[in-house]
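# what shape does this take:
(chains A, B, C and D)
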Number of protein chains: 2
Amino acid sequence: MSPRRRDTEGTAAARAERRAELLATAAEVFAAKGYAATTVRQVADAAGILGGSLYYHFDSKESMVDEILSTFLNEMWAAYDRVLAAGLGARETVEAIVVESFRSIDRHRAAVVVYQNESRHLAATSERFTYLLESHRRFEEMWMSLLERGVREGAFRPDLDLPLVYRFVRDTVWVAANWYRPGGRLAADDIAKQYLAMVLEGIQA
Amino acid sequence: MSPRRRDTEGTAAARAERRAELLATAAEVFAAKGYAATTVRQVADAAGILGGSLYYHFDSKESMVDEILSTFLNEMWAAYDRVLAAGLGARETVEAIVVESFRSIDRHRAAVVVYQNESRHLAATSERFTYLLESHRRFEEMWMSLLERGVREGAFRPDLDLPLVYRFVRDTVWVAANWYRPGGRLAADDIAKQYLAMVLEGIQA
DNA sequence: GATACTTTCTAACAATCGTTTGGTAGAGTT
DNA sequence: AACTCTACCAAACGATTGTTAGAAAGTATC
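Numbers count the residues shown, from 1 in each chain, chains lettered A, B, ... in the order given. As a prediction, this is how the structure comes out:
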């Protein structure tokens, strides 16, 4: 590892870190005001620099959301895949997936909000966001086969409409990102526990 | 009722009808592409007229969303108030509120989507949208007292975190607007029934 | 202390936005 | 047939948008 090599690595790492910083603040602003309603000058303001300076780090406003969303989705699916590969029963898998989802919200709150609010519009306006639809498709596939397996294993009620249950579970897990604040009254794992109690056992006495 | 009077009433009614038509198409476009990302020219296109022509009917783009959202909220709260005034038990009231919510989604799908996606941003940018926060407050008040009463009456489990249950129920009812299509496989009342079965009894066998 | 490189600023750009103005086609009234 | 009113069109407006180019400040290297 030559000095020269370490230099380029050092500056490359510093540059990546700065990118991550800027993306984090961009995600916060996008989540708070909406992607389309947010100007690059507002993002730059929040980061303490001027609008044009963002273009030293990023190609465009679009590539900022792109990186925000793809980073989040990659990490989330990595966690999901670990759970799915563990070979658990359907019910245990559902529990683990829900826990991982709330941990994802805990780590990427702003990105989740942006994903929820903007992914549909983004996928409709540009080819570069088709991976959002692909992720959506994987989501449906995962949940549907999980629910079907759960019914076969006798873990879930057989009298419910599964596509409806799927949408119900999928949506309710992620909307929590809209009110969740890290460091609040309840930790992510506590919320997951309560959420699972509601979905699995219901709220009636 | 003089002829003169009937004339003005006739043209006033025709004007109101045209407004309603335009607001319906505007709501669809806002729901599909997001309010901020939608241009008034796109709304006008969908209505078959030119951008500037919208300003014969409306003061501004802002007043269009305003009218879309306030119309929806007024009708929804009227339905809610009828239920709340019926003097039912907590569980029966919850069931009736959920049914009314899905009927609201059935009638005002686009408006509900806009309300869900944009109300937070709108309330933050202009004083005229403070009624959205007020509605939000009423929502929380209604659900929390309903849930507390349900626990006292022995209808709901006492071991759950009620603020969490509130957010859970509130969100899950409305997110359905994102995928629901009138005239689809399931009618609004069927969805309400299945939804109540999930929330009250849970999905486990 | 000169040099090279990184990061930000300054200042503008073309495009697009919501909105306004003045005109016009057409239906209804007299 | 002249007039009025309604609903729209045609064309532009200033402001703001995302984006770019070149200069300048800051930092590290020798």
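# how does chain A divide up, domain by domain?
According to automatic domain parsing, chain A comprises the domains A:1-58, A:60-201.
# would you turn those domains into CSV with distance to chain B?
(C-beta placed from N, C-alpha, C; glycine too.) Supplementary listing: the domains of chain A in CSV, determined by distance: least, Cβ to the nearest Cβ, whole Å:
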stretch, distance to chain B
domain A:1-58, 4
domain A:60-201, 4
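# pLDDT wise, what is the residue of chain A found nearest DNA strand D at?
Closest residue of chain A to DNA strand D, Cβ to the nearest atom of the strand: A:Gly52 (2.5 Å). With respect to pLDDT, A:Gly52 scores 90.
# follow-up on the earlier one: okay, the domains of chain A, which one's buried deepest?
Ranked by mean neighbour count, those are led by domain A:60-201 with a mean of 17 (mean count of other Cβ atoms under 10 Å in any protein chain shown).
# gap between the nearest residue to the residue of chain A closest to DNA strand D once chain neighbours are set aside and A:Tyr55?
Distances taken as Cβ to Cβ, 6 or more residues apart in numbering or on different chains put A:Ala44 closest to A:Gly52, at 7.9 Å, once the chain neighbours are dropped. A:Ala44 sits 10 Å away from A:Tyr55, taking Cβ to Cβ, to the nearest Å as the criterion.
# which residues touch the residue nearest to A:Ser119 when sequence neighbours are not counted?
Spatial nearest neighbour of A:Ser119, excluding adjacent residues (Cβ to Cβ, 6+ apart): A:Leu132 at 4.5 Å. The contact partners of A:Leu132, taken as Cβ atoms under 8 Å, 6 or more residues apart in numbering or on different chains, are A:Leu69, A:Leu73, A:Tyr115, A:Ser119, A:Leu122, A:Ala123.
# could you do A:Leu164 as well?
Counting by Cβ under 8 Å, 6+ apart, A:Leu164 touches B:Leu186, B:Ile191, B:Gln194, B:Tyr195.
# SS state for it?
Three-state assignment for A:Leu164 (DSSP: H, G, I helix; E, B strand; the rest coil): helix.
# which residues of chain A fall in helices?
Along chain A, counting by DSSP state H, helices occupy A:3-33, A:40-47, A:54-57, A:61-84, A:90-107, A:109-125, A:130-152, A:162-175, A:188-201.
# wait, isn't A:Gln204 in contact with B:Leu196?
No. Counting by Cβ atoms under 8 Å, A:Gln204 does not reach B:Leu196; the two are 9.8 Å apart.
# ok, so what distance separates the residue nearest the centre of chain A from DNA strand C?
Centre of chain A computed as the mean C-alpha position; nearest residue by Cα atoms, centre = their mean is A:Val112, 4.1 Å away. According to Cβ to the nearest atom of the strand, to the nearest Å, A:Val112 stands 26 Å off from DNA strand C.
# got a pLDDT number for that residue?
Predicted confidence (pLDDT) for A:Val112: 97.
# and the one 5 residues further on, by the same measure?
At A:Asn117, the pLDDT value in this model is 92.
# repeat for A:Ala205
Per-residue pLDDT puts A:Ala205 at 88.
# and it, what does it touch?
B:Gly154, B:Ala155, B:Phe156, B:Arg157, B:Pro158.
# ok, and which of the residues you listed reach chain A?
Restricting the contacts of A:Ala205 to those near chain A by Cβ under 8 Å from any Cβ of the partner chain leaves B:Gly154, B:Ala155, B:Phe156, B:Arg157, B:Pro158.
# among those residues, which are located in strands?
Members of the ones next to chain A among the contacts of A:Ala205 lying in strands (criterion: DSSP state E): none.
# and those residues, which is closest to B:Asn178?
Of all the ones next to chain A among the contacts of A:Ala205, B:Asn178 sits closest to B:Phe156, with 27.0 Å by Cβ to Cβ.
# hang on, that closest one packs against B:Ala90?
Yes. Contact criterion Cβ under 8 Å: B:Phe156 and B:Ala90 qualify, at 7.3 Å.
# can you pull the alpha-carbon coordinates of stretch A:172-182 into CSV?
Output of stretch A:172-182 as CSV, limited to C-alpha atoms (Å, rounded to 0.1, in the frame of the first residue of the first chain):
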residue,chain,number,x,y,z
THR,A,172,-49.0,-0.4,8.0
VAL,A,173,-45.3,-1.3,8.6
TRP,A,174,-44.0,1.6,6.6
VAL,A,175,-46.4,4.4,7.5
ALA,A,176,-44.9,4.4,11.0
ALA,A,177,-42.0,6.3,9.4
ASN,A,178,-44.2,9.3,9.2
TRP,A,179,-44.5,9.8,12.9
TYR,A,180,-41.6,7.8,14.3
ARG,A,181,-38.7,9.8,15.8
PRO,A,182,-35.5,8.0,16.8
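# tell me the mean pLDDT for that stretch?
Per-residue scores along stretch A:172-182 average to 91.
# next one: it to chain centre, how far?
Chain-centre distance of stretch A:172-182: 11 Å, with Cα atoms, centre = their mean, to the nearest Å.
# helices or strands up against the least confident helix or strand in chain A by mean pLDDT?
For chain A, using mean pLDDT, DSSP states H and E, the weakest element among its helices and strands is helix A:3-33, scoring a mean of 78. Under the contact criterion of 3 or more Cβ pairs under 8 Å, 6 or more residues apart in numbering or on different chains; DSSP states H and E, helix A:3-33 touches helix A:40-47, helix A:54-57, helix A:61-84, helix A:109-125, helix B:109-125.
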